[in-house]
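> Below is the structure, and that's it, no one-letter string:
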């Protein structure tokens, strides 16, 4: 999907949709990791979540 997306008369770049999809995946994955107890082992939680978000976003851009 390399073309712009047209929503209510506004054109959005594909990276905006990828970022929103990555955010949705991050929220789901974060809930799973909290429930599994993995997030208690993380030393710097905001840095880990940012890195996880960037990894998800990079994979979406690469694979789609």
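That came in fine, so what should we check first? Because the structure is predicted, anything quoted here is derived from the model rather than measured.

> Mind naming the longest helix for this structure?
Using DSSP state H, we find that the single longest helix of the chain is helix 14-36.

> Quick one: mean pLDDT over that one.
The average pLDDT for helix 14-36 rounds to 96.

> How about the most centrally placed residue in the chain: what's its closest non-neighbour residue?
Geometric centre of the chain, nearest residue: residue 22, 2.1 Å, by CA atoms, centre = their mean. Excluding the flanking residues, the one nearest residue 22 by CB to CB, 6 or more residues apart in numbering is residue 57, at 4.0 Å. Where you see a C-beta, it was placed from the backbone N, CA and C, and this is true even at glycine.

> ok, so what distance separates that neighbour from residue 9?
Residue 57 is 26 Å from residue 9, where distance means CB to CB, to the nearest Å.

> Please apply the same query to residue 34.
Residue 34 is 39 Å from residue 9, where distance means CB to CB.

> Between the two, which has more neighbouring residues?
Comparing residue 34 with residue 9 by neighbour count (other CB atoms under 10 Å), the higher total belongs to residue 34, at 11 against 5.

> Now residue 4. Its backbone dihedrals?
phi -70, psi 150 (degrees, to the nearest 10).

> What of residue 13?
phi -70, psi 150.

> ok now do it, which residues does it touch?
residue 4 (CB atoms under 8 Å, 6 or more residues apart in numbering).

> now do residue 33
By CB under 8 Å, 6+ apart, residue 33 lies in contact with residue 39.

> buried ones in the longest helix of the chain?
17, 18, 19, 22, 25, 26, 30, 33 (16 or more other CB atoms under 10 Å).

> What is the burial count for the closest residue in space to the fifth one that isn't next to it in sequence?
Excluding its sequence neighbours, the residue lying closest to residue 25 (CB to CB, 6+ apart) is residue 56, at 5.2 Å. Residue 56 sits with 19 neighbouring residues when counted by other CB under 10 Å.

> Report the buried residues of the helix or strand hosting residue 56.
Residue 56 belongs to helix 45-63 when elements are defined using DSSP states H and E. Neighbour counts using 16+ other CB under 10 Å place 48, 49, 52, 53, 56, 57, 60 of helix 45-63 among the buried residues.
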